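*Asks:* Kindly generate the corresponding structure for this input.
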Amino acid sequence: MGLGLVGCNPKRLRRGRSFSLLRRNTFVAPEPSNADDDGDNVETDSHGGGGGGGGNLSQNSPSRTQSGDDSDGVMTGTSQRLSQGTISSGSRKPLSLPPLMREDKNKTNVNSASATSMNTTPATNSKPAKCLFECRGHTSEIRHACYSPDGTYFVSASADHTARIWDASTGTCTATLEDDGMEIVTSVSCSQEGQRVVSASSDGNVRLWDMQTGKLIGTFKGAHNFGVNSAIFTEGDAHIMSAGEDGTICTWDAATLSRSSTVKADNGIFLTSASLHPDGTRVITSRKDSALRVSSRSGSVDSAMIMDGHNGFVNSACYSSDGSRALSASVDNTARIWDASTGECLLTCLGHGDAVHDASFSANGRRFVTASADRTARIWDASTGECLLTCLGHDDVVSSACFSPDGSHVVSSSWDTSLCVWECI
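*Replies:* Numbering: from 1, shown residues only. Modelled structure (predicted):
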């Protein structure tokens, strides 16, 4: 989505061939077979398919093809190890941790206190997270990734016009989701029963897939005039909610593939994400401005629930699993936690050196993870705002990061065309 490009340092964009020197194992996906998988049905988990934030990069951003990458399903061993605070890759200049970014103290939060009185927590020298393995197979930047509810799979969305399903324990690609006319895949989400995947695309359509076979079940067409930036399952998988660049939120019947409702967001402004509150009564949206909006399912905006405080466009927003807090990521280099009932900003977390593209809670709400254009993901304590771990290893913008349902791992996606699985116990 376009927001991801605002505030990014262009020098951090593509630097030629990506490196994969820091991972224990590198898995390169073979040519897709879309063969039926014999996986069992998965259990329902309250965390769902990775939160409401979807891919947050514009369809107008350049689609880059990685040169010189293998595609023969080869596994390669570790050739470099992660060191404290830096990345060493042979003769490559070590990459230092980004400097702490400071907040504009003149910006105020209209719903709580000024930014100077909020609990603003800078990141200290956190420990480096251990990368267990890397997955490759996409041929252009990856926009989003999420786990299945039982943690056995994760799914990725890419600018190469495909989505892929990966075995979370081995890193092998089990299916590639392709459809004629499908353009950049901006986000993916898994159903609670673990049998279906929904994807959003810059072509304005939402698609429903069989997770085991990779086959297309159906396409939701005709509601969004421009690209769709997020699509998630809601209400026990009965419905799907999508948010688009045309400022509309659509609700679809997941069984009949028909549209149930269309709501025009406030002023019809470009939406970057939409997330349904666990009680099903209200929706939080992030958009191409600096505020979050909370509205009823019918679209009426509660003026007391405009969460204003970021100093730039907001790329994603989601609720905690218990619905008590909201989490946002912005191009102002920060993530913020908000009281979902009052709209008060509880924490502002500093530490990223460039735009924050995505943020999501762990299933128990005790931690959250952020993904940034500074090429890192960070894991934070959701109560104190302390940065616990830093995921160093990607060679380009980290577009998304998501906890596994049990909270033991994080999967990150990047414009360097790779996915990394990190240990975060």
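*Asks:* residue contacts, G218?
*Replies:* R207, L208, L257 (Cβ atoms under 8 Å, 6 or more residues apart in numbering). Just so you know, the C-beta spots here come from the backbone N, C-alpha and C atoms, and that holds for glycine as well.
*Asks:* For T390, name its beta-bridge partners.
*Replies:* P128, R378 (DSSP bridges).
*Asks:* and the gap between it and G181?
*Replies:* From T390 across to G181, the span is 40 Å (Cβ to Cβ, to the nearest Å).
*Asks:* neighbour-wise, which of these two wins?
*Replies:* T390 (23 against 9; other Cβ atoms under 10 Å).
*Asks:* my guess is that one contacts S126, does it?
*Replies:* Yes: taking Cβ atoms under 8 Å as the definition, T390 is a contact partner of S126 at 4.9 Å.
*Asks:* and stretch 242-260, which residues are buried?
*Replies:* 242-252, 254, 257, 259 (16 or more other Cβ atoms under 10 Å).
*Asks:* wait, which of these is closest to I269?
*Replies:* G247 (5.2 Å; Cβ to Cβ).
*Asks:* wouldn't that closest one be in contact with T272 here?
*Replies:* No: the pair G247 / T272 is not scored as a contact, 10.9 Å apart, by Cβ under 8 Å.
*Asks:* which residues are in contact with both of those two?
*Replies:* R287.
*Asks:* what sits against T162?
*Replies:* Neighbouring residues of T162 by Cβ under 8 Å, 6+ apart: H138, T176, L177, E178, M182, V185.
*Asks:* Of all pairs in these, which one is the farthest apart?
*Replies:* H138 and M182 (13.9 Å).
*Asks:* between the two, which one's more packed in?
*Replies:* Each of H138 and M182 has its neighbours counted (other Cβ under 10 Å); H138 has more, 30 against 19.
*Asks:* and the contacts of T162, which of them are in strands?
*Replies:* If you go by DSSP state E, the contacts of T162 have T176, L177, V185 in strands.
*Asks:* Need the residues that contact the helix or strand where A329 lies.
*Replies:* Assigned by DSSP states H and E, A329 falls within strand 325-330. For strand 325-330, the surrounding residues in contact (Cβ under 8 Å, 6+ apart) are 53, 56, 284, 286, 290, 292, 294, 307, 310-320, 335-340, 346, 355-361, 365, 368, 370-371, 382.
*Asks:* could you point out which element follows it?
*Replies:* By DSSP H and E, the next helix or strand past strand 325-330 is strand 335-339.
*Asks:* who touches G280 in this structure?
*Replies:* G280 neighbours (Cβ under 8 Å, 6+ apart): T234, E235, R297.
*Asks:* in the stretch 301-425 of the chain, which spans are strands?
*Replies:* Ranges of strands in the stretch 301-425 of the chain, per DSSP state E, counting those that start in this stretch, are 301-308, 314-319, 325-330, 335-339, 345-350, 356-361, 367-372, 376-381, 387-392, 398-403, 409-414, 418-423.
*Asks:* List the buried residues in the shortest one.
*Replies:* By that I understand strand 335-339. A335, R336, I337, W338.
*Asks:* could those residues go into JSON lines alongside pLDDT and distance to W166?
*Replies:* Below are those laid out as JSON lines (pLDDT from 0 to 100; distance: Cβ to Cβ, whole Å):
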{"residue": "A335", "pLDDT": "98", "distance to W166": "26"}
{"residue": "R336", "pLDDT": "98", "distance to W166": "31"}
{"residue": "I337", "pLDDT": "98", "distance to W166": "30"}
{"residue": "W338", "pLDDT": "97", "distance to W166": "32"}
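*Asks:* Now do the end-to-end distance for stretch 276-294.
*Replies:* 10 Å (Cα to Cα, to the nearest Å).
*Asks:* From Y319, how far out is D279?
*Replies:* Counting by Cβ to Cβ, the gap from D279 to Y319 is 10 Å.
*Asks:* do the same with R366
*Replies:* When R366 is compared with Y319 (using Cβ to Cβ), they lie 15 Å apart.
*Asks:* Over to N225?
*Replies:* According to Cβ to Cβ, N225 and Y319 sit 27 Å apart.
*Asks:* Same check on F361?
*Replies:* From F361 to Y319 the distance is 8 Å (Cβ to Cβ).
*Asks:* Could you do V228 as well?
*Replies:* 20 Å.
*Asks:* which of these two has more neighbours?
*Replies:* Neighbour count, other Cβ under 10 Å: between V228 and Y319, V228 has more, with 32 against 25.
*Asks:* Quick check: that one touching V206?
*Replies:* Yes: with contact defined as Cβ under 8 Å, V228 reaches V206; the gap is 5.8 Å.
*Asks:* hey, what's in contact with both of these two?
*Replies:* With Cβ under 8 Å, 6+ apart as the test, V228 and V206 both reach A200, S242.
*Asks:* quick one on the thing from earlier: and the ones in strands among the contacts of T162 as TSV, adding pLDDT and neighbour count?
*Replies:* TSV is the format used below for those (pLDDT from 0 to 100; neighbours: other Cβ atoms under 10 Å):
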residue	pLDDT	neighbour count
T176	97	20
L177	98	26
V185	98	32
